[in-house]
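Participant: Sequence isn't available, so here's the structure alone:
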Ligand SMILES: NC(=O)C1=CN([C@@H]2O[C@H](COP(=O)(O)OP(=O)(O)OC[C@H]3O[C@@H](n4cnc5c(N)ncnc54)[C@H](O)[C@@H]3O)[C@@H](O)[C@H]2O)C=CC1
Ligand SMILES: O=P(O)(O)OC[C@H]1O[C@](O)(CO)[C@@H](O)[C@@H]1O
């Protein structure tokens, strides 16, 4: 490899899925960087190399689609993928927070190769993942691997507000919101990146927490309540009268708690949460309940969108009932997933929702949320999943 071919304006995006291909790539394409992808899916990598381009369509049909061209792709685990990261100026991840630890080998090898090639400067990694601290997840994994390159890798987080879905009737095309920018942690990754759509932002960890605990918390409410009511289309779930009522009941204790705990102005916080509800209720943004429901274990994690805000509500004297009900609905979703994936011979095994919750969330059996979740889990069981069920008694006391 010639030195002149290294560290030029090249960005590699690990994870060529909906966000990586449909949003991160569009942000990078606002510059003169060349874009390549790394993915574990052989099919996706082949398609990207065969076509070399694809189109991002907007929900807003009035906007012209964006063509992303001259892209190449590499299979994760190959030497080419390592070289690509080693010689790129920026590396983005969009693979799901829980998959980040699988990148350790790639990043360590790439960092060592970078040094070996005499390329100056650290590997700059930007996470495009939902989570309150995806950067820490990756840093912790690098540390656990006892790698000597930890200090040669800068990991900055970004926040994704843009909804993006695959256009399943095409090979690679994407349907996305026209979200204009990608805010990232400008205190961790300093200097001009030369990408206009990337916006360096101060106090980023706080903003990311606020996003996950408000926007993604509300999204999880729509998702798991909607899934129990058997909706497929996300906006239909958000507009269901019972779901709307519950979102309304959540606003006060949630915003009060976040305002106290994170220090945001209460009125500003109310507006922030209102904008999230308005977006999720927008029928023109076609999204799917199942897509949003994936990875229940992550979403019931101790620092994620349901448990952490519920804890904050309790600590600030508010009523966490809506979140307890959503947690119960999420556990029913997990139960259905388990049943669907279990073979007939093992399907008689009881789903112990309390044990599952304690394992994923780290809550103890004495935690005040446990009896509330148990109550709603049992109530949901009685009502049964489906549309047209009467939720009057279930939500009457909230
Ligand atoms: N799709 C959306 O509307 C939004 C997604 N996000 C976040 O974006 C991230 C990605 O989500 P999506 O793009 O929706 O998922 P996706 O499932 O469409 O894409 C993920 C891609 O990563 C690949 N992948 C998984 N592990 C990998 C590895 N170790 N190395 C290389 N590739 C790997 C998968 O093959 C897949 O192509 C997640 O953190 C999600 O929370 C955030 C906001 C909106
Ligand atoms: O993987 P997660 O955390 O569900 O995040 C992806 C989701 O986040 C959202 O932006 C809002 O919840 C959805 O549009 C998207 O499906």
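Facilitator: Thanks, I have it. The model shown is predicted, which means the values in this text are computed figures rather than measured ones. Ligands and ions are numbered 1, 2, ... in the order given.
Participant: So which bits of the stretch 1-150 of the chain are right by ligand 2?
Facilitator: For the stretch 1-150 of the chain, the contact set with ligand 2 under CB under 6 Å from any ligand atom comprises residue 130. The C-beta positions use only the backbone N, C-alpha and C, and glycine is treated the same way.
Participant: Swap in 8 Å and give it another go.
Facilitator: Within the stretch 1-150 of the chain, the positions near ligand 2 by CB under 8 Å from any ligand atom are 18, 19, 96, 97, 129, 130, 131.
Participant: thought the third one was touching residue 129?
Facilitator: Pointing back at residue 96 there. Yes - look at residue 96 against residue 129 with CB atoms under 8 Å: they come within range, at 6.6 Å.
Participant: which of the two has more neighbours?
Facilitator: Remark: of residue 96 and residue 129, residue 129 carries more neighbours, 26 against 18, as counted by other CB atoms under 10 Å.
Participant: tell me the contacts of the nearest residue to that one once chain neighbours are set aside?
Facilitator: In space, and not counting its chain neighbours, residue 129 is closest to residue 97: 4.5 Å by CB to CB, 6 or more residues apart in numbering. Counting by CB atoms under 8 Å, 6 or more residues apart in numbering, residue 97 makes contact with 127, 129, 130, 131, 134, 137, 298.
Participant: cool, residue 257 as well?
Facilitator: In this structure, residue 257 makes contact with 309, 312, 313, 315, 316, 318, judged by CB under 8 Å, 6+ apart.
Participant: Please repeat the previous calculation with a cut-off of 6 Å.
Facilitator: For residue 257, the contacting residues are 312, 313, 316, 318, by CB atoms under 6 Å, 6 or more residues apart in numbering.
Participant: Out of the residues you listed, grab the one that's most surrounded.
Facilitator: residue 313 leads those on contacts (other CB under 10 Å) with 25 neighbours.
Participant: Using the three-state scheme, assign residue 125.
Facilitator: Under DSSP: H, G, I helix; E, B strand; the rest coil, residue 125 falls in the strand class.
Participant: if we can go back for a sec, can you add distance to ligand 2, secondary structure and pLDDT and give the contacts of residue 257 back as TSV?
Facilitator: Shown next, in TSV, are the contacts of residue 257 (distance: CB to the nearest ligand atom, whole Å; DSSP: H, G, I helix; E, B strand; the rest coil; pLDDT from 0 to 100):
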residue	distance to ligand 2	secondary structure	pLDDT
312	19	helix	98
313	20	helix	98
316	24	coil	98
318	22	coil	98
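Participant: and these as a markdown table, adding distance to residue 239?
Facilitator: Formatted as a markdown table, the contacts of residue 257 follow (distance: CB to CB, whole Å):
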| residue | distance to residue 239 |
| --- | --- |
| 312 | 27 |
| 313 | 25 |
| 316 | 29 |
| 318 | 25 |
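Participant: ok, of these, which one's closest to ligand 1?
Facilitator: Nearest to ligand 1, judged by CB to the nearest ligand atom, of these is residue 312 at 21.3 Å.
Participant: which of the residues in stretch 267-282 are buried?
Facilitator: Buried residues in stretch 267-282, counting neighbours by 16 or more other CB atoms under 10 Å, are found at 269, 270, 272, 273, 276, 277, 279, 280, 281, 282.
Participant: again with stretch 281-293
Facilitator: Neighbour-count burial for stretch 281-293, counted by 16+ other CB under 10 Å, picks out 281, 282, 285, 287, 289, 292, 293.
Participant: Out of these, which are close to ligand 2?
Facilitator: Okay, of the buried residues of stretch 281-293 touching ligand 2 (CB under 8 Å from any ligand atom), that's 287, 292, 293.
Participant: wait, residue 360 sits on residue 299?
Facilitator: No - if you go by CB atoms under 6 Å, residue 360 and residue 299 don't touch, sitting 8.7 Å apart.
Participant: so who does the residue sitting nearest the centre point of the chain touch?
Facilitator: Nearest residue to the geometric centre of the chain (CA atoms, centre = their mean): residue 130, 2.9 Å. Residue 130 sits next to residue 216 when contact means CB under 6 Å, 6+ apart.
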